[in-house]
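In: Just the structure for this:
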Amino acid sequence: MSAAASSLLFLGTGTSVGVPVIGCDCNVCRSIDTRDNRTRSSVIVSDGTTTLLVDSGPDLREQALREKISSIDAVLYTHSHLDHVVGFDELRAFCWGKKEPLPLHGTAACIDVLKGMFGWAFNSDNTHRGYVKPAPKLVTSAFRIGGLEITPLPVEHGTVETVGYLFETERGFRAAYLPDVKRIPEATMALLGNLQILIIDALREAPHSTHLSLNEALKISRTLSPCRTLLTHISHEFGHAELSARLPDRVEVAWDGLRLPLD
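Out: Take a look at the predicted model:
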């Protein structure tokens, strides 16, 4: 990670099954465009000194090796669906050599699921070297880590309590990350003014019961009018080049490995 500037790095931009999809021979799954290879959605946000991981999905090991990520200072969870939490054990690598536990920020519901799935890590008897040493932090309001002001953004996504996050740098740069969402409540929309960057779920063309479709995501982008919108959590129904060619100005398709400056 850069030691000088704030940035957001897309570790993954795919939906829960990733792209290529196992057993699928569609054009996107067979594509030679590396931007069509989408691991499960996750980002790294850094203020240049502090490094934050958003979600620990099943591809975390692959993503960290690909991007040469050797340390993180905290994890922020959006919700407890498997494609956002089951890389939890890979967090061991970020606990080695540290005396202090790793802060894990999430809603009470999400933390409870993590404790149920990975009880050994949260157990007071977890004193073994090399294990994940979590320090759960309940997300109830805005909080600060390093040079970043972080505001949870409650959204509707099926029946699971879900949040996105608004990151604001000390220079006032505002970037919102909403990877899993079907509807944004009015109270959350009110927090999303004056965005430089909006990163938003755009699963597929047709409507979906728990995710935004492309047209729904574009409508929200038009309403909020950020300087730049990036689509994520994308299925194999969209090829990167084909979708990019028909998007309006200031809207882009995110891809694994894309890094955005937050300044």
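
In: starting at the chain centroid, how far to the lowest-mean-pLDDT helix or strand in the chain?
Out: Lowest by mean pLDDT, DSSP states H and E among the helices and strands of the chain is helix 119-122, with a mean of 91. Mean C-alpha position of helix 119-122 versus that of the full chain (CA atoms, centre = their mean, to the nearest Å) differs by 23 Å.

In: just checking, what packs against that helix?
Out: Judged by 3 or more CB pairs under 8 Å, 6 or more residues apart in numbering; DSSP states H and E, the packing partners of helix 119-122 are strand 134-138. For the C-beta atoms, the positions are set from N, CA and C on the backbone; glycine is no exception.

In: Tell me how far the strand it packs on lies from the chain's centre.
Out: 18 Å.

In: sorry, back to before: quick one: buried residues of the least confident helix or strand of the chain?
Out: Going by neighbour count (16 or more other CB atoms under 10 Å), the buried part of helix 119-122 is 121-122.

In: One more: stretch 55-62?
Out: By neighbour count, and taking 16+ other CB under 10 Å as the criterion, the buried residues in stretch 55-62 are 55-60, 62.

In: could you dump these to JSON lines with secondary structure, distance to residue 39 and pLDDT?
Out: Shown next, in JSON lines, are the buried residues of stretch 55-62 (DSSP: H, G, I helix; E, B strand; the rest coil; distance: CB to CB, whole Å; pLDDT from 0 to 100):
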{"residue": "55", "secondary structure": "coil", "distance to residue 39": "11", "pLDDT": "98"}
{"residue": "56", "secondary structure": "coil", "distance to residue 39": "12", "pLDDT": "98"}
{"residue": "57", "secondary structure": "coil", "distance to residue 39": "7", "pLDDT": "98"}
{"residue": "58", "secondary structure": "coil", "distance to residue 39": "8", "pLDDT": "98"}
{"residue": "59", "secondary structure": "coil", "distance to residue 39": "4", "pLDDT": "98"}
{"residue": "60", "secondary structure": "helix", "distance to residue 39": "9", "pLDDT": "98"}
{"residue": "62", "secondary structure": "helix", "distance to residue 39": "6", "pLDDT": "98"}
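
In: Okay then, goodbye and thanks.
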